[in-house]
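Chemist: model the structure of this input:
(chains A and B)
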Number of protein chains: 2
Amino acid sequence: MRKYAIILAGGSGTRAGGDMPKQFRQICGRPLVWWAMKAFRDADADMEIVLVVHPGFFDDWQILCDAMPEYERIPYTLCCGGRTRAESVSNGLLTVAGLLGDAPAGEAMVMVHDGARPLVSAGMIRRGMDAFCVSGAGVIPVMPAVNSLRQLAAPSVSLAEAESHTVNRALYVEVQTPQIFPYRLLCDCYKSASDLSAYTDDASVVESAGHHVRLYEGESANIKVTHPDDFIIAEALLRARAGE
Amino acid sequence: MRKYAIILAGGSGTRAGGDMPKQFRQICGRPLVWWAMKAFRDADADMEIVLVVHPGFFDDWQILCDAMPEYERIPYTLCCGGRTRAESVSNGLLTVAGLLGDAPAGEAMVMVHDGARPLVSAGMIRRGMDAFCVSGAGVIPVMPAVNSLRQLAAPSVSLAEAESHTVNRALYVEVQTPQIFPYRLLCDCYKSASDLSAYTDDASVVESAGHHVRLYEGESANIKVTHPDDFIIAEALLRARAGE
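Modeler: Numbers count the residues shown, from 1 in each chain, chains lettered A, B, ... in the order given. Just a heads-up that it's a prediction; the model follows:
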């Protein structure tokens, strides 16, 4: 079975602080997105990595790669980021099509991963691949919600004005990546979806086309680097993992 | 106005690793719960702290306190933890009643804080007190959900078997502490609630009695130390805050 990891590093924003988009900032001496690439390569030596980058940062990324020692460079295919997450995934799927060539598409597996999650472990990726093979359907990693949750009566109002109510936390899980799908299924769902901007992850695109997804266990350390503090957190976790 | 912080450190479990309950483990050279006590004292010099501890750990806690230099000791009133979170809050409220004595109970404010949140900042606590004064009602801190969320069809089934569906993340917020209430209101709600074990926080107890709560903005760093990795995260954030 051919295995592809589409790693999304297509954002161009600097909300998390710094001059560069967060996925290219250095963390423990390497660009943030490199850590996820390494985890996928460590999980399976046959994994082919498609890295989605905003074209405005192709040169910056190349400079970062050139600065790395030869033995730490990870093979990948570069792909143009889109204006939205969904467009980036679509572009990634087109790149996978090119890599597949004449190989049977029905046997390919695609893992979509958020490049801002550098702490994904090779073990978790392998657990996801196992779950995928057992279920035959798309599988996505989840974790129980740690905090109590409330539902707002309406989005985007000021907090002080917001009406909200408690929901039963035991009924909710937080979704992580990598989300893993049969290549052909994911392509079909992205083609048939009407308004792709409405979806925050791939599972919801697949479900909107009437397909089920199954769950597998994520990891609490597999955080999405979002706030400036998250760089401190990710660096501390990477150091601890390296035994420093 | 009299201000009381009930800091919940009543757990006796060691799920997060180590020999001692997590709230007593050392973090940056101090017991974890000490950091929250310090934040409340820093937020307001008049704050009275009620520390809820499982009676089986009174001696251990005293040893930890004795090991601290005099100038770092924070005044507090010790209170017996209950078998459940709700029982611990109820015990804390009884202790507050004793501290209030003949002072007018109608003018007291109670902040209930999870002792496993050492990163709460004095600034956030002051923001909460301001929100409380403006609203006159109970106020609780929330943050937008970072991860996509899914709702399970039923709790406590194995993940591989679970049926679930995507929910609109923009409609959900994650709840933190301190949650701040008029003392008398919180007492009344705890007295009138029928099955206290059903509630994961104080806001839901207050709402079950028919009262509204308002929201204020929490902080992403205000994590609840739950998993073993969270000690590494909390220590890194405390060090960064100290400018190390």
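
Chemist: most remote residue from the middle of chain A, which is it?
Modeler: Ranking residues of chain A by C-alpha distance from their mean position (CA atoms, centre = their mean) puts A:E161 at the top, at 33.9 Å.

Chemist: can you pull the contacts of that residue?
Modeler: Neighbouring residues of A:E161 by CB atoms under 8 Å, 6 or more residues apart in numbering or on different chains: there are none. C-beta coordinates here come from the backbone N, C-alpha and C atoms, glycine included.

Chemist: and the pLDDT for it?
Modeler: If you check A:E161, the pLDDT there is 88.

Chemist: distance of it relative to B:G128?
Modeler: Between A:E161 and B:G128 the computed distance is 17 Å (CB to CB, to the nearest Å).

Chemist: next, give phi and psi for A:R239.
Modeler: Summarising the backbone geometry of A:R239 under the convention degrees, to the nearest 10, its torsions are phi -60, psi -40.

Chemist: neighbours around the residue lying closest to it once chain neighbours are set aside, how many?
Modeler: Using CB to CB, 6 or more residues apart in numbering or on different chains and skipping the chain neighbours, the partner closest in space to A:R239 is A:C28 (6.5 Å). Using other CB atoms under 10 Å in any protein chain shown as the criterion, A:C28 is surrounded by 17 other residues.

Chemist: and A:C28, what are its phi and psi?
Modeler: Dihedral angles for A:C28 - degrees, to the nearest 10 - are phi 50, psi 40.

Chemist: list the buried ones in stretch A:223-235?
Modeler: Judged by neighbour count (16 or more other CB atoms under 10 Å in any protein chain shown), stretch A:223-235 contains these buried residues: A:223-225, A:227, A:229-235.

Chemist: residues contacting the helix or strand encompassing A:V52, please?
Modeler: Taking DSSP states H and E as the criterion, the element that holds A:V52 is strand A:48-53. With CB under 8 Å, 6+ apart as the contact definition, strand A:48-53 has outside contacts at A:2-10, A:33, A:37, A:40-41, A:61, A:74-81, A:88-89, A:91-92, A:95-96, A:99, A:115.

Chemist: which members of those are classed as buried?
Modeler: When these are checked for burial by 16+ other CB under 10 Å, the buried set is A:2-10, A:33, A:37, A:40-41, A:61, A:74, A:76-77, A:79-81, A:88-89, A:91-92, A:95-96, A:115.

Chemist: now, which of those lie within strands?
Modeler: In strands, defined here by DSSP state E, the members of the buried ones among the contacts of strand A:48-53 are A:3-9, A:77, A:79-80.

Chemist: would you reformat these as TSV and include pLDDT?
Modeler: Shown next, in TSV, are those (pLDDT from 0 to 100):
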residue	pLDDT
A:K3	97
A:Y4	98
A:A5	98
A:I6	98
A:I7	98
A:L8	97
A:A9	95
A:T77	98
A:C79	97
A:C80	96
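
Chemist: residue of chain A nearest chain B, please.
Modeler: Nearest to chain B in chain A, going by CB to the nearest CB, is A:A236, at a distance of 3.4 Å.

Chemist: now render the ones in strands among the buried ones among the contacts of strand A:48-53 as CSV, adding distance to A:E217.
Modeler: Supplementary listing: these in CSV, determined by distance: CB to CB, whole Å:
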residue, distance to A:E217
A:K3, 20
A:Y4, 22
A:A5, 19
A:I6, 22
A:I7, 21
A:L8, 22
A:A9, 25
A:T77, 30
A:C79, 29
A:C80, 33
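
Chemist: let's have those in CSV, adding distance to chain B.
Modeler: Formatted as CSV, those follow (distance: CB to the nearest CB, whole Å):
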residue, distance to chain B
A:K3, 21
A:Y4, 22
A:A5, 19
A:I6, 17
A:I7, 18
A:L8, 14
A:A9, 18
A:T77, 26
A:C79, 23
A:C80, 24
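
Chemist: which of the buried residues of stretch A:223-235 fall within helices?
Modeler: Residues of those located in helices (DSSP state H): A:229-235.

Chemist: looking at those residues, which one is closest to B:R150?
Modeler: Nearest to B:R150 out of these is A:D230 (CB to CB; 22.2 Å).

Chemist: was I right about that closest one contacting A:A236?
Modeler: No: between A:D230 and A:A236 no contact is recorded; they are 10.5 Å apart, counting by CB atoms under 8 Å.

Chemist: what sits against the closest residue to A:F58 other than its chain neighbours?
Modeler: Counting by CB to CB, 6+ apart, the nearest residue to A:F58 once its immediate chain neighbours are dropped is A:L78, at 7.0 Å. Neighbour list for A:L78: A:51, A:53, A:58, A:61 [criterion: CB under 8 Å, 6+ apart].

Chemist: the strand holding A:V52 versus strand A:3-9: what angle between them?
Modeler: With axes from the mean of the first three to the mean of the last three CA atoms, to 10 degrees defining the directions, strand A:48-53 sits at 20 degrees from strand A:3-9.

Chemist: pairing partners for strand A:48-53, with directions?
Modeler: When pairing is defined by DSSP bridges, strand A:48-53 lines up against strand A:3-9 (parallel), strand A:77-80 (parallel).

Chemist: and stretch A:12-20, average pLDDT?
Modeler: Averaged across stretch A:12-20, the pLDDT comes to 69.

Chemist: what segments of chain A are helices?
Modeler: Ranges of helices in chain A, per DSSP H, are A:32-43, A:58-66, A:85-100, A:122-135, A:183-192, A:202-208, A:229-241.

Chemist: okay, these in a markdown table with mean pLDDT next?
Modeler: As requested, these are exported to a markdown table (pLDDT from 0 to 100):
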| stretch | mean pLDDT |
| --- | --- |
| helix A:32-43 | 97 |
| helix A:58-66 | 94 |
| helix A:85-100 | 95 |
| helix A:122-135 | 96 |
| helix A:183-192 | 95 |
| helix A:202-208 | 92 |
| helix A:229-241 | 95 |
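
Chemist: looking at those, which is nearest to B:S148?
Modeler: It is, among the helices of chain A and with distance given as CB to CB, helix A:202-208, at 7.4 Å.
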